[in-house]
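Participant: The following comprises the amino acid sequence and a computationally predicted model.
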Amino acid sequence: MLEEKKIKNNQLAFALSLFNGVLERINEIDALIEPHLKDWDFKRLGSMEKAILRLGAYEIGFTPTQNPIIINECIELGKLYAEPNTPKFLNAILDSLSKKLTQKPLN
């Protein structure tokens, strides 16, 4: 898939670092997300919503990228790949998470 999109080398390296980071810390990331899911069960979220939340939570917690940029990118992913109400949901969860995590990165 990455080759199909003709991602440049530096973009590919960044995308793979995010992918691997999420995989390495998936349980920790899920634990960061769950308290912010007011009235939602994490297990019942769609696969795309989980993937975007995990990516956003990883970036918020473990990268130096500014939180507003991360949240905006996740909202855009939600607009492209998820249900119509998903961007608002992602914004609420990731904004709440970013306010909770005041120190970056958490490594």
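Facilitator: Good, I have the coordinates.
Participant: can you give me the helices in this protein?
Facilitator: 9-24, 26-33, 47-62, 67-81, 86-100 (DSSP state H).
Participant: Please list the outside residues in contact with the second one.
Facilitator: The reference is to helix 26-33. 22, 42, 53, 54, 57, 58, 61, 93, 97, 101 (C-beta atoms under 8 Å, 6 or more residues apart in numbering). Backbone N, C-alpha and C define where each C-beta goes, glycine included.
Participant: run the last query once more with 10 Å
Facilitator: 21-23, 25, 40, 42-43, 45, 50, 53-58, 60-62, 93-94, 96-97, 100-101, 106 (C-beta atoms under 10 Å, 6 or more residues apart in numbering).
Participant: Just the buried subset of those, written out for PyMOL, thanks.
Facilitator: Per 16 or more other C-beta atoms under 10 Å, the buried members of the contacts of helix 26-33 correspond to this PyMOL selection:
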select buried, resi 21+22+25+45+50+53+54+55+56+57+58+60+61+62+93+94+97
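Participant: Out of the helices of the chain, which one sits most buried?
Facilitator: helix 47-62 (a mean of 21; mean count of other C-beta atoms under 10 Å).
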